[in-house]
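> requesting a structural model of the entry that follows:
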Amino acid sequence: MAKKGSFCRPSRRPGNTPLLVLCLALASSLAVLAACGGGDDAVTAAKTDSKASRSPTPVRDLFDFGDAPDPDYPTKLASDGARHRDVTRAWFGSKADGEVDAHEQADFQMQSGDRTDDGLLGAAPLEFGVTNNDWDGPLYVNMLMDLNDDRDWDDAGEWVLQNMELDVPAGESIEMAAEFVFDELTMLRMTLTGAPIEDYVGTGLFDIGETEDHIWTSDVPMGY
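Presented below is the predicted three-dimensional model:
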């Protein structure tokens, strides 16, 4: 037997036979639902399931990107710029940030990267700092320099530091020096990862770490 209030009273206006059929069908359906132990609870559950099936507002992923001008260099997401899925495990310098896409730099040379790019410590020789928050394993540093100023890092010899392995205890920071000089007006990309990189040209998605881009002149000292 249908629950109270489940009957739909049809209109008595002429020519409304379809409406009468519809109302009777609805009453019959509710009666079956009640007989099966559903009733109001089942109707409520159905409404809840309907709401749950709606797609929630998507949350965009945060990464860490470099900042070299794109499209001159592969930096933005659309260019498959080097980016890191988890920026909380290890990074250059003392801090890193998460971004939906690479920052737009109005004057990259004056800015020298975003405000959290503080891993570069010196140019002659090139010096950098690395912080390991909680990564359990070795870290790897790779560096690219646009030595011929052709707006890419694809040329022979431009992968100047390849998979330098660092053993940094969790919770500690270290400072390192490379065996080369970071010349003025040369675009540098330095990338920290938790695994070695193959055929690096400044692109790709990495699980952890950070990528920083730098350029400097003697007129504008390196400052972050």
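
> which ones are touching the residue nearest to residue 166 when sequence neighbours are not counted?
Among residues not flanking residue 166 along the chain, residue 139 sits closest, at 4.6 Å (C-beta to C-beta, 6 or more residues apart in numbering). Where C-beta positions appear, they are placed from N, C-alpha and C, glycine not excepted. Contacts of residue 139 were listed using C-beta atoms under 8 Å, 6 or more residues apart in numbering, and they are 90, 130, 132, 165, 166, 167, 168, 192, 193, 194, 209.

> okay, residue 139 and residue 160: tell me how far apart.
Per C-beta to C-beta, to the nearest Å, residue 139 is found 18 Å from residue 160.

> hmm, back to that, of the contacts of residue 139, which is the most crowded?
Compared across these, residue 192 has the highest neighbour count, 30 neighbours, by other C-beta atoms under 10 Å.

> wait, it sits on residue 174?
No - counting by C-beta atoms under 8 Å, residue 174 is not a contact partner of residue 192; they are 11.8 Å apart.

> overlap in contacts, the two.
Residues within reach of residue 192 and of residue 174 at once, by C-beta under 8 Å, 6+ apart, are residue 130.

> show me what contacts residue 149?
When contacts are counted by C-beta under 8 Å, 6+ apart, residue 149 touches 185, 186, 187.

> got a ChimeraX select line for the buried ones in the residues you listed?
Here is the ChimeraX command that selects the buried residues among these (16 or more other C-beta atoms under 10 Å):
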select :186,187
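
> format the contacts of residue 149 as a markdown table; extra columns: distance to residue 124 and secondary structure.
Output for those, formatted as a markdown table (distance: C-beta to C-beta, whole Å; DSSP: H, G, I helix; E, B strand; the rest coil):
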| residue | distance to residue 124 | secondary structure |
| --- | --- | --- |
| 185 | 14 | coil |
| 186 | 12 | coil |
| 187 | 17 | coil |
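
> what's the closest of the contacts of residue 149 to residue 63?
For these, the closest approach to residue 63 (C-beta to C-beta) belongs to residue 187, at 20.3 Å.

> report the contact partners of the nearest residue to that closest one once chain neighbours are set aside.
Distance criterion C-beta to C-beta, 6+ apart; nearest residue to residue 187, sequence neighbours excluded, is residue 146 at 4.3 Å. Counting by C-beta under 8 Å, 6+ apart, residue 146 touches 73, 152, 153, 158, 186, 187.

> what sits against the fourth one?
So the one you mean is residue 158. Listed by C-beta under 8 Å, 6+ apart, the contact set of residue 158 reads 144, 145, 146, 147, 148.

> of these, buried ones?
Buried members of those, scored by 16+ other C-beta under 10 Å, are 144, 145, 146.

> from the residues you listed, which ones fall inside helices?
Among these, the subset assigned to helices under DSSP state H is empty.

> can I get those residues in a markdown table including pLDDT?
Output for those, formatted as a markdown table (pLDDT from 0 to 100):
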| residue | pLDDT |
| --- | --- |
| 144 | 98 |
| 145 | 97 |
| 146 | 96 |
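
> between the residues you listed, which is closest to residue 68?
Relative to residue 68, the closest of the buried ones among the contacts of residue 158 is residue 146; by C-beta to C-beta it sits at 8.7 Å.

> and that closest one, how far is that from residue 95?
Residue 146 is 26 Å from residue 95, by C-beta to C-beta.
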